[in-house]
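> the following block contains a protein sequence and its predicted model.
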Amino acid sequence: MFEKEIRRKSEELLETKTVDMVIGYTSGSLPFQARPVLISSPEDTEQLVWNHFSSPNLARYLLPYRDSSKKIALLAKGCDARAVMVLIQEKQFPRERVHIIGLPCPGMISKTKLEKELGEIKEEDFSFEKDTFLWQGKKWEIFPFLEDTCSRCRYPNPPLYDELIGEKRELWGSSSTDYLEKINGQSEEERWQFWEEELSRCIRCYACRNACPLCYCKECFAESDLPRWVSGVPTLSDNLFFHLGRSMHLAGRCVECGACERACPEEIKIGLLPLKVEMIIKDNFSFEAGLSLEEDAPLLTYRETDPGEFIK
Ligand code: SF4
Ligand code: SF4
Ligand code: SF4
């Protein structure tokens, strides 16, 4: 999937010193996994891979360099590019120091879903195509095996890039748009029970926050000592406080990449909270994060005509 082109472009950018570093993906230490890699030498670009498992949001890896002078090339799927756009808008990373290699996204496959459906699997038995894969002599559609976030993705094509490798892709024909129905259709009691069950399993490891490209505060409110908002003990009430607080901090900023949910060792559907907030923002302000450098986020602006009913 365009790996050769990605390697060639990265090599060229490093050789011509257009950038100091390329942030991309390389093979993970476990099967069905690609992990982020930082490459500074043209010879190392051979390590770059691009496949259905290149799921981490690489915008997250720009953050350690926000105070440096390095110019960085970043491989960016739709959701990575949206996150970069938010970082630029929020003045966390200057546009002139990031070179975006846009990659129309083929959708990321969930290893857990593969294992649930197919049992014990080995990577070498698979051959992946664009929207299908071959396994045991049979052709399978990848859609049922996509990460939840990817099956509902509305922006697989990067909205911002310096160059694009690959062809822009269409949305999934059967793209699921009812992912919030489960919580929207619930009564308050059912919703409470759902979140009580989910958040009782939370061990407050903060992996969800740490994977999020837009949770970049140098000191998170959850770990502040003065004032102390939440205890270090993962009780249900403190877990709820942390996750609701985090979702509010992301209001109008979440790019629906699902990195938080994928990072959770407890398989908590934690991405639903910021997503629900995004849908409220979308319905009330017709705004979605990371689609335009010109349009300010609703919570960073105030207009007398802003709808206010929903917060009364
Ligand atoms: S959310 Fe969209 S752009 Fe991001 S990995 Fe999934 S399909 Fe790709
Ligand atoms: S990653 Fe999961 S367990 Fe860890 S804090 Fe987030 S929701 Fe809780
Ligand atoms: S809250 Fe989750 S889905 Fe939203 S930007 Fe952060 S990691 Fe991505």
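That came through, no problem. Numbers count the residues shown, from 1 in each chain. Ligands and ions are numbered 1, 2, ... in the order given.
> which residues of this protein lie near ligand 3?
When proximity is defined as Cβ under 6 Å from any ligand atom, the chain approaches ligand 3 at 211-212, 214, 250, 254-260, 271, 274. Just so you know, the C-beta spots here come from the backbone N, C-alpha and C atoms, and that holds for glycine as well.
> closest to residue 105 among those residues?
Among these, residue 257 lies closest to residue 105 (Cβ to Cβ), at 10.3 Å.
> lowest confidence element among the helices and strands of the chain?
Across the helices and strands of the chain, mean confidence by mean pLDDT, DSSP states H and E is lowest for helix 181-184: a mean of 74.
> pull the residues that contact it.
For helix 181-184, contacts defined as Cβ atoms under 8 Å, 6 or more residues apart in numbering pick out 191, 194, 272, 276.
> show me which of the residues you listed is closest to residue 70.
Nearest to residue 70 among the contacts of helix 181-184 is residue 272, at 35.8 Å by Cβ to Cβ.
> count the residues that sit near the residue nearest to the closest one when sequence neighbours are not counted.
Once flanking residues are discounted, residue 272 sits nearest to residue 183: 6.3 Å by Cβ to Cβ, 6 or more residues apart in numbering. Neighbourhood size, residue 183 [other Cβ atoms under 10 Å]: 16.
> residue 302 now?
7.
> give me phi/psi at it?
phi -140, psi 130 (degrees, to the nearest 10).
> OK, contacts around the closest residue to residue 155 other than its chain neighbours?
Sequence neighbours aside, residue 78 is the residue nearest to residue 155 in space, at 4.2 Å (criterion: Cβ to Cβ, 6+ apart). For residue 78, the contact set (Cβ under 8 Å, 6+ apart) comprises 104-105, 153, 155-159.
> cool, residue 213 as well?
Going by Cβ under 8 Å, 6+ apart, the list of residues near residue 213 reads 57, 59-60, 62-63, 80, 83, 86-87, 255, 257, 259.
> mind showing which ranges of this protein have poor pLDDT?
Low-confidence segments of the chain, defined by pLDDT under 70: 173-179, 310-312.
> picking that back up, format the CA atom coordinates belonging to the least confident helix or strand of the chain as CSV.
C-alpha atoms of helix 181-184 as CSV (Å, rounded to 0.1, in the frame of the first residue of the first chain):
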residue,chain,number,x,y,z
GLU,A,181,-27.8,5.3,19.3
LYS,A,182,-26.8,3.0,22.1
ILE,A,183,-26.4,5.8,24.6
ASN,A,184,-28.9,8.3,22.9
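> can you pull the buried residues of it?
Neighbour-count burial for helix 181-184, counted by 16 or more other Cβ atoms under 10 Å, picks out residue 183.
> as CSV, could you dump the C-alpha coordinates of the following helix or strand past it?
Proceeding N to C from helix 181-184, the next assigned helix or strand is helix 188-200, under DSSP states H and E. What follows is helix 188-200, C-alpha atoms only, in CSV (Å, rounded to 0.1, in the frame of the first residue of the first chain):
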residue,chain,number,x,y,z
GLU,A,188,-31.2,8.2,32.2
GLU,A,189,-31.2,5.1,34.4
GLU,A,190,-29.9,2.8,31.6
ARG,A,191,-27.2,5.3,30.7
TRP,A,192,-26.1,5.6,34.3
GLN,A,193,-26.0,1.8,34.6
PHE,A,194,-24.0,1.5,31.3
TRP,A,195,-21.4,4.1,32.5
GLU,A,196,-21.3,2.7,36.0
GLU,A,197,-20.4,-0.7,34.6
GLU,A,198,-17.8,0.7,32.2
LEU,A,199,-16.1,3.1,34.6
SER,A,200,-16.1,0.7,37.5
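> I'm done for today, thanks for sticking with me.
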